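In: got a sequence here, can you model it:
(one chain, ligands or ions: 2)
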Amino acid sequence: MFKGLVGLVTGGASGLGRATVEQLLKQGGRVVICDLPSSPGQETAKQLKENVAFVPIDVTSEKDVKNALQTTVDKFGRLDVVVNCAGVATATRVYNFKKEQPFDLKSFQRTIEVNLIGTFNVIRLAAGLIGKNAPDADGQRGVIINTASVAAFDGQIGQAAYSASKAGVVGMTLPIARDLAKQGIRVVTIAPGLFRTPMMEMLPEPAIKSLEATVPFPPRLGHPSEFALLVQSIIQNPMLNGETIRLDGSLRMQP
Ligand SMILES: NC(=O)C1=CN([C@@H]2O[C@H](COP(=O)(O)OP(=O)(O)OC[C@H]3O[C@@H](n4cnc5c(N)ncnc54)[C@H](O)[C@@H]3O)[C@@H](O)[C@H]2O)C=CC1
Ligand SMILES: C[C@]12CCC(=O)C=C1CC[C@@H]1[C@@H]2[C@@H](O)C[C@@]2(C)[C@H]1CC[C@]2(O)C(=O)C=O
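Out: Ligands and ions are numbered 1, 2, ... in the order given. Take a look at the predicted model:
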């Protein structure tokens, strides 16, 4: 099923995105890694060698995303699966009473811009290309997988912007799945809990240890490969559509 499949992974140079790229390649797929020009995307593509290309993009740019889709067609001839992993994590309280400073509006806007609008930008532009595929026996033309967060449901102190952006991704999953149903394109969102990626490794190890203790089972950070396994499973299961799946060891974030 994965032999010859063409995937495009945003945020594919790091963490959950990179693990997804590796899993798709391992299964016999071909992959376009899309990530910021400043990311290690070029080196990643070099390390992974075959059936992979890197296109530097900012997911918020229409021009960049169109260019990535064109490169996908030029290099691999089609697009079957999009995995949206590009994202930024922010942590600021709505008002800092010590400094008498409100949350910086530009920072709030940028978080929404990247995590929510960037994800939507990629979906809206990729859908047309996936829609050109001939349908399989089930009428399916492709799959779009997004990355939200458990913060969409249990946002912690300081996560107003991040939680709002991820709740937006959860909220648009069903309507977009409905929009694309007639073309046989499925849309599924994953809401990860705590995963060991560069985003998380910015924290000191004692902070990571205490976060791990909050996960009921298994009481540890998730491995990026476990996220990639769910991506594979979503691609393989045609009945999964219009849904957000928590991948969190039954974690419920505390305030
Ligand atoms: N690591 C974790 O525990 C969790 C992560 N997530 C989400 O998973 C996704 C992946 O995160 P990680 O792999 O952990 O982080 P990461 O920081 O390792 O990877 C994120 C990638 O997105 C790229 N990126 C950021 N802004 C971009 C933009 N405007 N255009 C293109 N690429 C951009 C970065 O360059 C980076 O390579 C993010 O959306 C994050 O919010 C959600 C829940 C938990
Ligand atoms: C805000 C958190 C938790 C508390 C801490 O000591 C440090 C943090 C910075 C990274 C955050 C932490 C947590 O809220 C969960 C997220 C937001 C994490 C980055 C990704 C994260 O795991 C996530 O998206 C969870 O849904």
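
In: residues from the protein in reach of ligand 2?
Out: Neighbours of ligand 2 within the chain, by Cβ under 6 Å from any ligand atom: 89, 91, 149-151, 156, 159, 162, 194, 199-200, 203, 207. Backbone N, C-alpha and C define where each C-beta goes, glycine included.

In: for whichever residue of the stretch 51-200 of the chain sits closest to ligand 1, report the pLDDT, please.
Out: With Cβ to the nearest ligand atom as the measure, Gly87 is the residue of the stretch 51-200 of the chain nearest to ligand 1, at 2.1 Å. Looking at Gly87, its pLDDT stands at 98.

In: neighbours around the nearest residue to it once chain neighbours are set aside, how many?
Out: Nearest non-adjacent residue to Gly87, counting by Cβ to Cβ, 6 or more residues apart in numbering: Asn115, 4.9 Å away. If you count neighbours by other Cβ atoms under 10 Å, Asn115 ends up with 29.

In: go on, Gly249?
Out: 18.

In: next: the one 5 residues further on.
Out: Residue crowding around Gln254 was assessed by other Cβ under 10 Å; the count is 8.

In: what backbone torsions are found at it?
Out: Main-chain dihedrals, Gln254, degrees, to the nearest 10: phi -80, psi 160.

In: now do it against Val188, distance only.
Out: Distance, Gln254 to Val188, by Cβ to Cβ, to the nearest Å: 27 Å.

In: please name the nearest non-neighbouring residue to Phe2.
Out: Nearest to Phe2 is Gln27, by Cβ to Cβ, 6+ apart, at 3.5 Å.

In: contacting residues for that neighbour?
Out: Phe2, Lys3, Leu5, Gln232 (Cβ atoms under 8 Å, 6 or more residues apart in numbering).

In: distance check, it against ligand 1.
Out: Computed as Cβ to the nearest ligand atom, to the nearest Å, the Gln27 to ligand 1 distance reads 20 Å.

In: now the helices for the stretch 1-150 of the chain?
Out: Using DSSP state H, counting those that start in this stretch, the helices of the stretch 1-150 of the chain run over 15-26, 41-48, 62-76, 105-112, 118-130.

In: deepest of those helices, which one?
Out: helix 15-26 (a mean of 24; mean count of other Cβ atoms under 10 Å).

In: the residue of the stretch 51-200 of the chain closest to ligand 1 and Ile117 touch, don't they?
Out: No - Gly87 is beyond contact range of Ile117, at 11.8 Å (criterion: Cβ atoms under 8 Å).

In: okay, these two: which has more neighbours?
Out: Using other Cβ under 10 Å as the criterion, Gly87 and Ile117 rank with Gly87 on top: 26 against 15.

In: spell out which parts of the stretch 101-250 of the chain neighbour ligand 1.
Out: Within the stretch 101-250 of the chain, the residues that sit near ligand 1 (Cβ under 6 Å from any ligand atom) are Val114, Gly118, Thr147, Ser149, Pro192, Leu194, Phe195, Thr197, Pro198, Met199, Met200.

In: neighbours around the nearest residue to the third one once chain neighbours are set aside, how many?
Out: Going back to what we said before, that points to Thr147. Leaving aside its chain neighbours, Thr147 sits nearest to Cys85 (5.0 Å; criterion: Cβ to Cβ, 6+ apart). Using other Cβ under 10 Å, Cys85 has 30 neighbouring residues.

In: how close does Cys85 get to Ile145?
Out: Cys85 is 9 Å from Ile145, where distance means Cβ to Cβ.

In: ditto for Phe54
Out: Counting by Cβ to Cβ, the separation of Phe54 from Ile145 is 20 Å.

In: cool, and Gln254?
Out: From Gln254 to Ile145 the distance is 28 Å (Cβ to Cβ).
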